[in-house]
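1. Please find the sequence and the predicted model below.
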Amino acid sequence: MTFINPILELIQKNGNFSDEETIRLEQELMYCQLEKNQIILNEGDISKVAYFMINGAIYQYQYRASGNMKVIDLNTPNDWVINYSSFAFQKPSRYTIQVHEECVAVGLSIESINHLIKRSKSFLKIWKLLERSSYTIDFDSYNIDYRRKYQYLLEKRPDIIKKFSLDIIAFYLDIEIEKLCEFKNVTR
């Protein structure tokens, strides 16, 4: 199995591409080895590549006016890593995307997607896939307390709990790390 297979399988499930289209798509995919702490998108830059994670961990964040970090997305294997509004509309990103744990990913550039669409309109389905994958868990909109947020991660995304450090999870849940540690100790 190559690193490209998981992304091809996912795209094929969402697109039913011909063998020729699959070969074209495979030719446009880029193998990427991303190092720990590497920034793959800076706030203010325009996103040019969407990544499909094979392994590792990546997070997306911004600094608030108060100077505190707000983590808006945590990505683990089989996730797309994308700042969709910057990528799709080619406008400056409001967020930074950084590698938390060394990872292997497969990249697909905006130029490659546009090239593929020019050759076959069936590749428009890739945009729908990227758009769907860009939806993050927006805990802030639901006014959920941190205990329920953490419980959700334990039940639905245990990979996040395993891959990310407590401080990153605390920034994601928008609580102080001490409060998260207290809660974890109580729930053991």
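-> Perfect, thanks for sending it. The model shown is predicted, which means the values in this text are computed figures rather than measured ones.

2. And for Asn75, the neighbour number?
-> 28 (other Cβ atoms under 10 Å). Bear in mind the C-beta positions are built from the backbone N, C-alpha and C, glycine included.

3. List the buried residues of the helix or strand harbouring Gly107.
-> Using DSSP states H and E, Gly107 sits within strand 103-109. Within strand 103-109, the residues that qualify as buried are 103, 105-109, counting by 16 or more other Cβ atoms under 10 Å.

4. Over to stretch 20-30?
-> 21, 24-25, 29.

5. got the domain boundaries for this protein?
-> Following automatic domain parsing, the chain resolves into domains at 5-136, 142-188.

6. Which of the ones you listed has the highest mean neighbour count?
-> domain 5-136 (a mean of 17; mean count of other Cβ atoms under 10 Å).

7. Can you give the distance of it from its chain's centre?
-> 7 Å (Cα atoms, centre = their mean, to the nearest Å).

8. picking that back up, can you redo the domains of the chain as TSV with mean pLDDT?
-> Shown next, in TSV, are the domains of the chain (pLDDT from 0 to 100):
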stretch	mean pLDDT
domain 5-136	89
domain 142-188	84
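
9. Looks to me like Ala65 is in a helix.
-> No: according to DSSP: H, G, I helix; E, B strand; the rest coil, Ala65 belongs to no helix; its state is coil.

10. quick one, what contacts it?
-> Listed by Cβ atoms under 8 Å, 6 or more residues apart in numbering, the contact set of Ala65 is empty.

11. re the thing from before, parallel or antiparallel, which strands does the strand holding Gly107 pair with?
-> strand 30-34 (antiparallel), strand 49-53 (antiparallel) (DSSP bridges).
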